[in-house]
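> Predicted model and sequence follow; I will ask about them next.
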Amino acid sequence: MKTWTPDSWQQMPAAQQPTYADPKVLEAALGRLAAFPPLVTSWEVERLKQQLGEAAAGRRFLLQGGACAESFDQCRSDVITNKLKILLQMSLVLTFGIKRQIIRVGRFAGQYAKPRTSDTEIKDGVTLPTYRGDLVNAPEFTSEARTPDPERLVTGYQHSALTLNFIRALVEGGFADLHHPEYWDLDFVAHSPRAREYQDMVETISDSLRFMETLAGIQAGQISRVDFFTSHEGLHLGYEQAQTRKVPHKDGWFNLATHLPWIGVRTSDPGGAHVEYFRGISNPIGIKIGPEMTPEWLRDLLKVLDPDKEPGRLTLIHRLGYRGVANVLPGLVDCVRAADHTVLWCCDPMHGNTETTAEGLKTRRFDNILSELEQSLDIHRDCGSYLGGVHFELSGDNVTECVGGARGLSENDLRRSYQSLVDPRLNYEQSLEMALRVARKMAAMNGIAKARI
Ligand code: PEP
Ligand code: CO
């Protein structure tokens, strides 16, 4: 295999990259990016890899979630706190149900680039480049908005830094303190059909914490603080390369734009530029696995991306659809086992279950999402593997993008608050309900008494 360098991907075919009018302007923007300080540190990246390795071994559980696409104008205090709140609430429910430490990873602080099926969009006879996320262009259907602008790469970095700075300050400042789960309550929680179930759980946890502290005579400082890690699809390779660094006293190269970058299904060709870029970085990496994935293809990816068979290196995020998962997943599990790699299996029950309503809105059905997740849990158990993570597109706000759930959102409700620019997200109530349902199912599978959850 040829020598890897942060720019060796440039020799390979790179899918899903925008075309910029002036390469010199692009180069200048990337040069500025390369000089900025990193967003995350190699210590954090290594800590996450270690924890993901433990999840692969069945000792932890990964909760990864956030928007399909972040946008610059959603980089606001309320949107960020609400997202943290729902992720914290979900992680609390999952810890309670499955009795394992949860690794919280947001799809945030950098989820600004989107893969698209088509390079162009046609409306009323006018053809323009497609919207590829705020890192590249703007969503409005005008020629000016849709022209890829290199300055957005710098703005994307800056918005990631603003987001991360706020998240770090909240977590450090006690927002995520387990003694105060009331900080995470959202205004409309009291009206949620699942509110009682959640509040009971919170009370039990607070009681247990007080009991433990009294018993041990200490403040459970170690367990009262929680961590958040960041992730995004490593799609725009110029952006990722500019933030790929060496650090003192360590071998290898780190992508310091995010803790956990992942490869999307549209860019996972083993001979393509994305796989070339990812093979050389030391971060833990995610790979989205769609229904087209064959055992041969997966074997190639494992060989190139995890040659040292390192636990924690690979998180395989399968998104096979509720109809397809039973056919495809067992073969993939066999393939990983035969190749003797230790991977973390994570289920993304969102991307294989997208449909379009008669009105032309993209949506997903709560029951189909839950069905793919529940089937995945059963399939892994039957195959002797462990489903150690879940990956959701969600919002901490009261959006109406997915149908179903305890409140029974219907297609007629979707227009009320449909905000996503790309894929439909679970709203706050649907997300919490999903966590409760998964926790209950996992508790039952593990033989934890029903009465406890
Ligand atoms: C996504 O996670 O938003 C996405 C595009 O996923 P996938 O690559 O699995 O289609
Ligand atoms: Co998406």
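Noted; the coordinates are in hand. Numbering: from 1, shown residues only. Ligands and ions are numbered 1, 2, ... in the order given.
> Now do whichever strand or helix holds residue 27: which elements does it pack against?
Assigned by DSSP states H and E, residue 27 belongs to helix 23-35. Secondary-structure packing of helix 23-35 (3 or more Cβ pairs under 8 Å, 6 or more residues apart in numbering; DSSP states H and E): helix 151-172, helix 237-242. For every residue, glycine as well, the C-beta is placed using N, CA and C.
> Just tell me which of the ones you listed ends up closest to ligand 2.
helix 151-172 (17.3 Å; Cβ to the ion).
> Please point out which parts of the helix or strand following that closest one sit buried.
Next in sequence after helix 151-172, counting helices and strands by DSSP H and E, comes helix 195-216. Of all the residues in helix 195-216, those buried under the rule 16 or more other Cβ atoms under 10 Å are 197-199, 201-202, 205, 209, 213.
> Now do the buried residues in whatever helix or strand comes next after the helix holding residue 27.
Toward the C-terminus, helix 23-35 is succeeded by helix 42-56 as the next helix or strand (DSSP H and E). Using 16+ other Cβ under 10 Å as the test for burial, helix 42-56 gives 42, 44-46, 48-49, 51-56.
> just stretch 133-140 next, same as before
Those would be 133-138, for stretch 133-140 by 16+ other Cβ under 10 Å.
> any idea which of the residues you listed is the one closest to ligand 2?
Comparing those against ligand 2 with Cβ to the ion picks out residue 133 as the nearest, at 10.6 Å.
> For the closest one, which non-adjacent residue is spatially closest?
residue 114 (3.9 Å; Cβ to Cβ, 6 or more residues apart in numbering).
> Looking at that neighbour now. What's its pLDDT?
Looking at residue 114, its pLDDT stands at 98.
> repeat for residue 450
Per the predicted model, pLDDT is 47 at residue 450.
> re earlier: which stretch among the helices and strands packed on helix 23-35 is buried most, on average?
Across the helices and strands packed on helix 23-35, the average number of neighbours (mean count of other Cβ atoms under 10 Å) peaks for helix 237-242, which reaches a mean of 23.
> Please enumerate residues in contact with it?
6-7, 9-10, 14, 17, 26, 30-31, 33-34, 113, 135, 153, 156-157, 234, 255, 257, 261, 273-274, 277 (Cβ atoms under 8 Å, 6 or more residues apart in numbering).
> Mark which of the residues you listed are buried, thanks.
For the contacts of helix 237-242, buried by 16+ other Cβ under 10 Å: 6, 9, 14, 17, 26, 30, 33, 113, 135, 153, 156-157, 234, 255, 257, 261, 273-274, 277.
> Name the residues of the stretch 1-150 of the chain found near ligand 1, please.
68, 115 (Cβ under 6 Å from any ligand atom).
> Just the helices from the stretch 1-150 of the chain, written as ranges.
With DSSP state H, counting those that start in this stretch as the criterion, the stretch 1-150 of the chain has helices at 23-35, 42-56, 77-98, 143-146.
> how about JSON lines for those helices, with mean pLDDT added?
Below are these laid out as JSON lines (pLDDT from 0 to 100):
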{"stretch": "helix 23-35", "mean pLDDT": "98"}
{"stretch": "helix 42-56", "mean pLDDT": "97"}
{"stretch": "helix 77-98", "mean pLDDT": "93"}
{"stretch": "helix 143-146", "mean pLDDT": "98"}
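> about what we covered before: among the helices and strands packed on helix 23-35, which comes closest to residue 251?
Nearest to residue 251 among the helices and strands packed on helix 23-35 is helix 237-242 (18.9 Å), distances taken as Cβ to Cβ.
> and that closest one, average pLDDT?
In this model, helix 237-242 has a mean pLDDT of 98.
> what's the following helix or strand after that helix?
Counting by DSSP H and E, the element after helix 237-242 in chain order, helix or strand, is strand 244-245.
> and that next one, which strands flank it?
strand 254-255 (antiparallel) (DSSP bridges).
> Need the residues that contact the helix or strand immediately after the partner strand in the chain.
Beyond strand 254-255 on the C-terminal side, the first helix or strand identified by DSSP H and E is strand 260-263. Applying Cβ under 8 Å, 6+ apart, the contact partners of strand 260-263 are 48, 52, 64, 105, 229-234, 240, 255, 274-275, 278, 281, 283-288, 315, 317.
> So whatever helix or strand comes next after strand 260-263, near ligand 1 or not?
Next helix or strand after strand 260-263 toward the C-terminus (DSSP H and E): helix 273-279. No. Under the criterion of Cβ under 6 Å from any ligand atom, ligand 1 is not reached by helix 273-279; the shortest gap measures 10.9 Å.
> Does anything pack onto helix 273-279? Which helices or strands?
Secondary-structure packing of helix 273-279 (3+ Cβ pairs under 8 Å, 6+ apart): helix 237-242, strand 260-263, helix 295-305.
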